[in-house]
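> Here's my sequence, what's the structure:
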Amino acid sequence: MNVQDNEQVRDAVRTGYAAIASQEGEETSSCCGTSCCGADTGDNATALAEAVGYGAEDLASLPEGANMGLSCGNPTALAELKEGEVVVDLGSGGGFDVFIAGRRVGATGRAVGVDMTAEMLSKARRNAATYRERTGLDNVEFRLGEIESLPLPNDFADVVISNCVINLSPEKDRVWREIARVLKPGGRVAVSDLALVRPLPEDIRSMVEALVGCVAGAVLIEETERSMRDAGLVDVSVERKDEYVDAMTHWQDPLYERIVAALPEGSKVSDCVTSANFTGRKV
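A predicted model of the protein is given here:
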C-alpha cells in the first residue's frame, strides 16, 4: 500500500477503537456491531480472557473497564516476566496487559503502554489511578504514539509484548523493526496475534469492520516469521492456538457470522485464521 492507503487504514482503526474506548461501564466494547476481536459485551469479555489463558486472580485485580474483550492470547504469561524488568505493550488500549505486567515486574520494574488512540490513552490513564490505589505501585505509564514509530529510545525494554494489535498495522515490517530497536540486547518479544493459515477471500479482506475486528489485517504465519527475522530477531518461534479463535467465535458475533458466510461451505473461521504466539529475542 502507498502512504495514503496506510493512513486511511490507520484512520479506520483509530476511529473504531476510539468508539470502543468511549463506551461506558465495565467490560463493554463495541465495534463492528457488538464486539471486536470476537468478544461480546458484559461477562463474555471475562469469559474470553479466561478462554485465551488469563487467570481469575489477574482478571479480578484489574481496574474497572480495563478488560474490553480485545485479547486473542496472553502475552504477559508468554513473556515469563520477571521482577525489575521494563516491559512495553504495543497497542495497550485501556491498560489490560500493562496492569498485569506491572504487578509481575514489581516496584523495581516498569510497564509502558503505547497506543495511537487518544480516547484509549485517556481511559488507560484513568485506570492507572485505580491500579496505583489497589497495588501501591507507581510503575506504569501510557504514551501516545503509533507502533510503527514508537515514542521510545533505543535499547529501552527488556520485553516487548502485544495482544491482537500488530495485525492492524498496514506496515508490519516497520513494527518489527521498531520492536528490535527498542529492545535491549538480549531482550525478548512475546506477541499474541491473529494470523492466517491460508489467504482470506477478497470480500472479507475488503471489509473495514473485519479490519477493525482484527481479521482482515492478518497475514500468513510465515510472513510474520520472515518480518521478525528480517528485523534482526533470533530464536523466532510460533505456536498456533486454533482453540482461541474458536473461543472468540463462540458467542456468534455478527462480524464472525459474516466471515463464515463468505468462507467455503462447511468451513469455520479457524480454518483460515488462527491465534498465534510469536516469540523471539534480540541478539
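
> When you work out contacts or count neighbours from here on, use the C-alpha atoms and nothing else.
OK.

> Residue 115 contacts residue 143, doesn't it?
Yes: Residue 115 is within contact range of residue 143, at 6.6 Å (criterion: C-alpha atoms under 8 Å).

> Quickly list what's touching both of those two.
Here residue 115 and residue 143 share the contacting residues residue 121, scored by C-alpha atoms under 8 Å, 6 or more residues apart in numbering.

> Surely residue 162 is within a helix?
No: using DSSP: H, G, I helix; E, B strand; the rest coil, the secondary structure at residue 162 is strand, not a helix.

> so what's residue 57 up against?
Contact criterion C-alpha under 8 Å, 6+ apart gives no residues in contact with residue 57.

> if I look at it, how far off is residue 141?
From residue 57 over to residue 141 the distance is 22 Å, taken as C-alpha to C-alpha, to the nearest Å.

> again with residue 280
Counting by C-alpha to C-alpha, the gap from residue 280 to residue 141 is 24 Å.

> do residue 48 as well
Counting by C-alpha to C-alpha, the gap from residue 48 to residue 141 is 26 Å.

> Which of those two has more residues huddled nearby?
More crowded of residue 48 and residue 141, by other C-alpha atoms under 10 Å: residue 48, with 26 against 19.

> what secondary structure does that one sit in?
Residue 48 - assigned by three-state DSSP - is helix.

> Quick check, it in contact with residue 69.
Yes: contact criterion C-alpha under 8 Å: residue 48 and residue 69 qualify, at 6.7 Å.

> ok, which stretches of the stretch 151-283 of the chain are helices?
The residue ranges that make up the helices of the stretch 151-283 of the chain, judged by DSSP state H, counting those that start in this stretch, are 172-182, 202-205, 208-212, 221-230, 242-248, 254-262.

> so how far is the second one off the chain centroid?
Pointing back at helix 202-205 there. With C-alpha atoms, centre = their mean, to the nearest Å as the basis, helix 202-205 stands 22 Å off its chain's centre.

> Please export the C-alpha coordinates of it as CSV.
The C-alpha trace of helix 202-205 is given here as CSV (Å, rounded to 0.1, in the frame of the first residue of the first chain):
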residue,chain,number,x,y,z
GLU,A,202,-11.1,-10.9,-1.0
ASP,A,203,-14.5,-9.8,0.1
ILE,A,204,-13.5,-10.4,3.7
ARG,A,205,-10.2,-8.6,3.3
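
> Which secondary structure elements does it sit against?
helix 254-262 (3 or more C-alpha pairs under 8 Å, 6 or more residues apart in numbering; DSSP states H and E).

> Now the helix it packs on: average pLDDT?
For helix 254-262, mean pLDDT is 72.
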